[in-house]
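Engineer: just to be clear, the model below is a prediction. Sequence and coordinates:
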Amino acid sequence: MLENSPLSRLSASAVVTASCLLGLLYFGRDVLQPIALASILSLAIAPLVRRFRRSGLPRMAATLVSVMLVGMCVVGLSTILAYQLVAVAGDMPKYRAAITTKVDSLRALTERPFALIQAELSAVSPAPPAPAPTRRGAALAANPNQPIPVEIRAPRVTTRDAIARAFALAWGPVGSAGVVLVLLVFILLEHESLRDRLIRLAGQGETRRTIKALSDATTGVSRFFFSQFIVNVTFGALIGLSLWAAGVPHAALWGVLSGLLRFVPYLGILLAGAVIALFVAAIDPGWKLALSCMSLFVALEMIVANFVEPKVYGQSSGMSPLAIIVSALFWAAIWGPVGLLLSTPLTLCLVVAGRHVRSLELVTTLLGDTPSVNAAERLYQRFLVGDTNAIISDARAFLRQCSFARYCDQILLPGLALSAADTREGNIDQAQEERVRLGIADVAAALTPVSSAPARRQRRRDVSLLDTNVGAHLRRMREARLGQWQGSLDVPVHSIVLCCGLRSARDDLLMELLVRALREVSVDARSVTVGSEDAPGEDTPGLDKADLVSSVFLAYPTDATLEAWRKAAIELRVALPDALFVTIRLPFDERAAHPGGVEDYVDMILRSYEEGLAFVSQEKPAAD
């Protein structure tokens, strides 16, 4: 089962290589962090450089102007934040009384339950008597010679020492920022050269794939940063405006802080909410303002996280939400805060590379937003576990945009083909086969109501056909709604489309689904079962009035049923001489007979139910 899966390519050498890479990432983080940070920033700034290049600036000037603009924005924003933080620190003494009141109330609220418990315990059991002083204790109490307390004072800090300490603290971040800035400029200047070197390393035969991988990575990271920038700026602006409207001081600071901290996955927004909650609780004597602001913050974050980001990031990041969390945990453990900040873009580059490099395909399968199975495979898997509610929900979402015929062509029938293949090979047990049959019946009945009249509710176990022939069961349900002959025969000439199949569960299901797809577009479609032992008569809808039938859809035969199918086709030709005969050869039907033995007995061979709908639509004006 794992022959074609990415797990099948795992070997001892691959595990050793991965372990070595993890060790290199961890122990070489001091060197790799600036390089990774500069590389990711270069991908984010590259669109701005290209825009300046298109305006006529040379590469050197475009790169320097782009870096200077970004740097000026960062410095300006940092200056504003520092000024606002100093203002907040200066205003804090005004809120000292409110802070003291809140702390006392919280202390009383937390200590009161324990005090009550202690009082109850003291009332139940009397306190033990105080122990008598020992001989040694009495002697110590009587001794007047007590030790003199000693006070240790810190050495005096001079101005030079303070400046040296501040410079030492700032040198690390400033030096790292300088290294990243230099690397960023040189990477931007040599983007094309670095691309050529990577292509050369990949080999001449992999030029197209390497260029595609680099292009996808650049586009993906750029889109992600742009989308994240727009979402976070909007979020920060809304928070700032909301706090300003509520009368919270320094609302612009909290809005900017919220927008900036949202760049840190998950932890940033929690920190922003905690800081805002503490500040609002400190400035207001009561709790109403704090609770209102936190409720607004949480509501806005829930809307952005659950409705806005899935739509925006789902089209830009290419990663599943779970992958973003896992990547944040991994890179934070390897590289600390820098890894947490770079977790999403770094993992995105790996996901993009996995689409083009077979050795990294496992990463794309586990972390990419594209499901590892297609819609038909997912449908079959849900049939096996009996999750028909999820199937119906997804199908209704699909049908809001497309027809039931397309749903059959792209999802339902390919999924049933997988089920049929596994059944022939004995890969599913009887319980799973029963779940598939019940699921098909439920899905078809839920998605294709054939009449506005309510159907009589029946217990599932009372229908014996459901255990053997789902198509026949669905046709009986339809006949129960529409009556004999599946509707009145008092209809216009050439208005009925007849769907015919041999007496088999396969043909009955295929033709019943086709009938329901045709009826969805207001076509008077009806189904019959034909065979060598069947004689068309009054109990077969439409065959006693040949002029009512405009066209006949014959279920495509298999190699085993080809002879019986030919005989049935000849009999139907005799009974319906004026009708057009059509059959649909589904591309995923592995047991379908060769077209050479079929085409002489029909007027046209179609390839999908959608083509069947198009064929009937062309025939309707002629019939009318």
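Structural biologist: Happy to help now that I have it.

Engineer: return the helix or strand in this structure with minimum mean pLDDT.
Structural biologist: Lowest by mean pLDDT, DSSP states H and E among the helices and strands of the chain is helix 135-142, with a mean of 52.

Engineer: where does the stretch 251-400 of the chain dip in pLDDT?
Structural biologist: 285, 310-311, 313-321, 355-362, 364-366, 368-373 (pLDDT under 70).

Engineer: so where do the helices sit in it?
Structural biologist: Residue ranges of the helices in the stretch 251-400 of the chain, as given by DSSP state H, counting those that start in this stretch, are 251-261, 267-283, 288-303, 309-314, 321-335, 337-354, 361-367, 375-385, 388-399.

Engineer: just put the ones you listed in TSV and tack on mean neighbour count and distance to Glu611.
Structural biologist: Just so you know, the C-beta spots here come from the backbone N, C-alpha and C atoms, and that holds for glycine as well. Formatted as TSV, those follow (neighbours: other C-beta atoms under 10 Å; distance: least, C-beta to C-beta, whole Å):
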stretch	mean neighbour count	distance to Glu611
helix 251-261	21	52
helix 267-283	17	51
helix 288-303	15	44
helix 309-314	16	32
helix 321-335	18	39
helix 337-354	22	37
helix 361-367	18	34
helix 375-385	19	19
helix 388-399	15	19
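
Engineer: switch those over to a markdown table; also include distance to Pro557.
Structural biologist: Shown next, in a markdown table, are the helices of the stretch 251-400 of the chain (distance: least, C-beta to C-beta, whole Å):
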| stretch | distance to Pro557 |
| --- | --- |
| helix 251-261 | 65 |
| helix 267-283 | 61 |
| helix 288-303 | 55 |
| helix 309-314 | 44 |
| helix 321-335 | 46 |
| helix 337-354 | 43 |
| helix 361-367 | 39 |
| helix 375-385 | 23 |
| helix 388-399 | 29 |
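
Engineer: quick one: which of these is nearest Pro58?
Structural biologist: helix 337-354 (28.2 Å; C-beta to C-beta).

Engineer: how near is the residue lying closest to Val304 once chain neighbours are set aside to Gln84?
Structural biologist: The shortest distance from Val304 to any residue other than its chain neighbours is 5.6 Å, reached at Phe235 (C-beta to C-beta, 6 or more residues apart in numbering). Separation of Phe235 from Gln84 (C-beta to C-beta, to the nearest Å): 18 Å.

Engineer: please apply the same query to His494.
Structural biologist: Separation of His494 from Gln84 (C-beta to C-beta): 80 Å.

Engineer: quick one, strands of the protein?
Structural biologist: Remark: strands assigned in the chain by DSSP state E are 496-501, 524-529, 549-555, 580-584, 604-606.

Engineer: in CSV, list the C-alpha atoms belonging to the third one.
Structural biologist: Presented in CSV, the C-alpha positions along strand 549-555 are these (Å, rounded to 0.1, in the frame of the first residue of the first chain):
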residue,chain,number,x,y,z
VAL,A,549,-39.2,8.8,-26.5
SER,A,550,-36.7,11.2,-28.1
SER,A,551,-33.4,9.6,-27.1
VAL,A,552,-32.2,6.5,-25.3
PHE,A,553,-29.1,6.3,-23.0
LEU,A,554,-27.7,2.8,-22.8
ALA,A,555,-25.3,1.9,-19.9
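
Engineer: just want the angle from that strand to strand 580-584.
Structural biologist: Strand 549-555 runs at 30 degrees relative to strand 580-584, counting by axes from the mean of the first three to the mean of the last three C-alpha atoms, to 10 degrees.

Engineer: can you give the strand pairings for strand 549-555, parallel or anti for each?
Structural biologist: strand 496-501 (parallel), strand 580-584 (parallel) (DSSP bridges).

Engineer: need the residues that contact the last one.
Structural biologist: Applying C-beta atoms under 8 Å, 6 or more residues apart in numbering, the set of residues contacting strand 580-584 from outside is 514, 550-556, 569, 572-573, 598, 601-609, 611-612, 615, 619.

Engineer: among the residues you listed, the buried ones, what's the PyMOL command?
Structural biologist: Per 16 or more other C-beta atoms under 10 Å, the buried members of those correspond to this PyMOL selection:
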select buried, resi 514+550+551+552+553+554+555+556+569+572+598+601+602+606+608+609+611+612+615+619
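
Engineer: what's around Leu25, how many residues?
Structural biologist: 17 (other C-beta atoms under 10 Å).

Engineer: please name the nearest non-neighbouring residue to it.
Structural biologist: Nearest to Leu25 is Ile334, by C-beta to C-beta, 6+ apart, at 5.3 Å.

Engineer: my guess is that neighbour contacts Gly28. True?
Structural biologist: No - using C-beta atoms under 8 Å, Ile334 makes no contact with Gly28, being 10.4 Å away.

Engineer: my understanding was that Ser258 contacts Gly236; is that so?
Structural biologist: Yes - with contacts counted by C-beta under 8 Å, Ser258 reaches Gly236, the gap being 4.9 Å.

Engineer: burial count for Ile45?
Structural biologist: 20.

Engineer: same thing with Gly23?
Structural biologist: 10.

Engineer: repeat for the one 3 residues further on
Structural biologist: The local packing count at Tyr26 equals 12, with neighbours defined by other C-beta under 10 Å.

Engineer: how about it, nearest residue that isn't a chain neighbour?
Structural biologist: Ile334 (5.5 Å).
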